[in-house]
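Asker: model this:
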Amino acid sequence: MKAEIITIGDEILIGQIVDTNSAWIAEQFNLHGIEIYQITSVHDDKNHILEALKNAEEKVDLVILTGGLGPTKDDITKNVLCEYFNTKLVFHEPTFEHIKQRFKNRNIDLNKLNHDQALVPENCTVIPNKAGTAPGMWFEKNDTILVSVPGVPFEMKNLVESEILPRLENNGKAKAIYHKTVLTQGLPESMLAQMIEKWEDALPENIKLAYLPNPMAVRLRLSAIGKDKELLKKQVETEIEKLQKIIPENIFGYDNETLAGVIGEILKKKGKTLAIAESCTGGFISHLITSVAGSSEWYKGGVTAYSNEMKQNLLDVSKEVLDVNGAVSEQAVRKMAEGVSRKLNAHFSVATSGIAGPTGGTKEKPVGTVWIAVAGPDKTVAEKFVFGDNRERNIIRSSQTALQMLRRLVLNS
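Answerer: The predicted model follows:
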């Protein structure tokens, strides 16, 4: 089943508000096997709305229309729907009784505008709105279902969850769908795509793969569509098992997991602790770690040693190492990692030192150069990276890369 979401309101098109409704509806519909074909935003204008409805009817099986159902003059959706479906507004007594009761409970007097909210197109099926005063409206025309709902987010969500999705499921319009997201780190999107190309080409026809890159990770979302959700789940899990054999070192988790959270679970199981020494990442790794609930069980603490003076005084990095090799060097980050482990009495540690940018680079050490070290009970591993010239992305990528190196060290220790 293909659907289009149409949002009505000048406030969306001028950027006064963000259209969070469409994102939420799309997520919910996807979970119920309904494919979102298109999302459209239109003005509070009769002709624009009519044009959008006509275009949608030609392309999709389901149209969800949000907004324009309030009591004021700029809320024109009901009148436009009457014109589109060649009908008229009629008074709906059950809706009016619901409105009266809500106003009575709040000790507010009704006026004509509130009364008119009980007017609905004659040929629609009225959907009760328990969370507000404007009812939802269900129409069917030429094998296309059109549902109009209020634009107020909590009212819209209540109608979608309690009324619209159950009705779609009961009439057999929704298919089964199963999503699983594989979280990877350490491979750029293009390199990852090349490595898994044969696996991707061999995926069953009913499974689609989407690449979702960001500075934190490249996510691989597998979406399977069919009739039986449990069978789809097994099918996707089989394909993920194949993928794990191709990039075992790069997969760190699934769905809503975080790399920091995954590391925390590993440390807890092993009964080990962590300390962090940061320079160029400025405390961002510690932020990621402490964002994990319960991290106090395994995280000892961190040192943000931005200056050479702090590296010497707090982490025991010698002046000689800094003078000879510089702060952005293998020798410095090794000493930082080992020093913070020793100072905080932790089993494992991670350290970063680099040039986040946009200034401060040299020919030998350009902007984006970052040294990362991870230390455990038996060894210290250090590696150099050159990430780019964007300061924010450099901090994020350095932090995630450091955590990935740490994950591998802890797993193999």
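Asker: mind listing the strands for the stretch 151-300 of the chain?
Answerer: Along the stretch 151-300 of the chain, counting by DSSP state E, counting those that start in this stretch, strands occupy 176-184, 207-214, 217-226, 251-254, 274-278, 299-304.
Asker: how far out from the middle of the chain is the fourth one?
Answerer: Going back to what we said before, that points to strand 251-254. Offset of strand 251-254 from its chain centre (CA atoms, centre = their mean, to the nearest Å): 15 Å.
Asker: packing partners of that strand?
Answerer: Secondary-structure packing of strand 251-254 (3 or more CB pairs under 8 Å, 6 or more residues apart in numbering; DSSP states H and E): strand 176-184, helix 259-270. Backbone N, C-alpha and C define where each C-beta goes, glycine included.
Asker: likewise for the last one?
Answerer: For strand 299-304, the contact count by 3+ CB pairs under 8 Å, 6+ apart identifies strand 274-278, helix 284-290, helix 308-315, helix 330-344 as packing neighbours.
Asker: Throw these into a markdown table and include mean pLDDT, thanks.
Answerer: Shown next, in a markdown table, are these (pLDDT from 0 to 100):
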| stretch | mean pLDDT |
| --- | --- |
| strand 274-278 | 98 |
| helix 284-290 | 98 |
| helix 308-315 | 97 |
| helix 330-344 | 98 |
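Asker: and Glu189, which of the ones you listed is closest to it?
Answerer: helix 284-290 (21.5 Å; CB to CB).
Asker: now do the helix ranked longest in the chain, average pLDDT.
Answerer: What stands out as the longest helix in the chain, according to DSSP state H, is helix 391-412. Across helix 391-412, the average pLDDT comes to 97.
Asker: okay, buried residues for that helix please.
Answerer: By neighbour count on 16 or more other CB atoms under 10 Å, the buried set for helix 391-412 is 391, 393-407, 409-410.
Asker: same thing with stretch 83-103?
Answerer: For stretch 83-103, a neighbour-count test (16+ other CB under 10 Å) marks Tyr84, Phe85, His92, Thr95, Phe96, His98, Ile99, Arg102 as buried.
Asker: relative to Ala373, which of the strands of the stretch 151-300 of the chain is closest?
Answerer: Of all the strands of the stretch 151-300 of the chain, strand 274-278 sits nearest to Ala373, with 8.7 Å by CB to CB.
Asker: give the pairing partners of the closest one; include direction for each.
Answerer: Here strand 274-278 is paired, per DSSP bridges, with strand 299-304 (parallel), strand 348-354 (parallel).
Asker: just the angle between it and helix 259-270, please?
Answerer: 150 degrees (axes from the mean of the first three to the mean of the last three CA atoms, to 10 degrees).
Asker: got a list of contacts for strand 274-278?
Answerer: Outside strand 274-278, the residues that touch it by CB atoms under 8 Å, 6 or more residues apart in numbering are 263, 267, 284-286, 289, 298-305, 315, 336-337, 339-341, 343-344, 346-352, 406.
Asker: and the helices and strands packed on strand 251-254, which one's lowest on average pLDDT?
Answerer: Mean pLDDT is lowest for strand 176-184 among the helices and strands packed on strand 251-254, at a mean of 92.
Asker: okay, now the sheet partners of that strand, with direction.
Answerer: By DSSP bridges, strand 176-184 pairs with strand 217-226 (antiparallel), strand 251-254 (antiparallel).
Asker: got those strands as TSV, with mean neighbour count and mean pLDDT columns?
Answerer: Listed next are the strands paired with strand 176-184 as TSV, based on neighbours: other CB atoms under 10 Å; pLDDT from 0 to 100:
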stretch	mean neighbour count	mean pLDDT
strand 217-226	19	93
strand 251-254	18	97
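Asker: CSV please, covering these and showing distance to Asp10.
Answerer: Below are the strands paired with strand 176-184 laid out as CSV (distance: least, CB to CB, whole Å):
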stretch, distance to Asp10
strand 217-226, 34
strand 251-254, 41
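Asker: residue farthest from the centroid of this protein?
Answerer: Distance from the centre of the chain peaks at Glu320, with 46.2 Å (CA atoms, centre = their mean).
Asker: report all helices and strands that the one helix or strand it maps to contacts.
Answerer: Using DSSP states H and E, Glu320 sits within helix 319-325. Under the contact criterion of 3+ CB pairs under 8 Å, 6+ apart, helix 319-325 touches helix 308-315, helix 330-344.
Asker: ok, Leu403 - contacts?
Answerer: By CB under 8 Å, 6+ apart, Leu403 lies in contact with Gln185, Leu259, Ala260, Ile263, Ile285, Leu288, Val350.
Asker: what does Ala327 give?
Answerer: Neighbouring residues of Ala327 by CB under 8 Å, 6+ apart: Ser279, Asn308, Lys311, Ser353.
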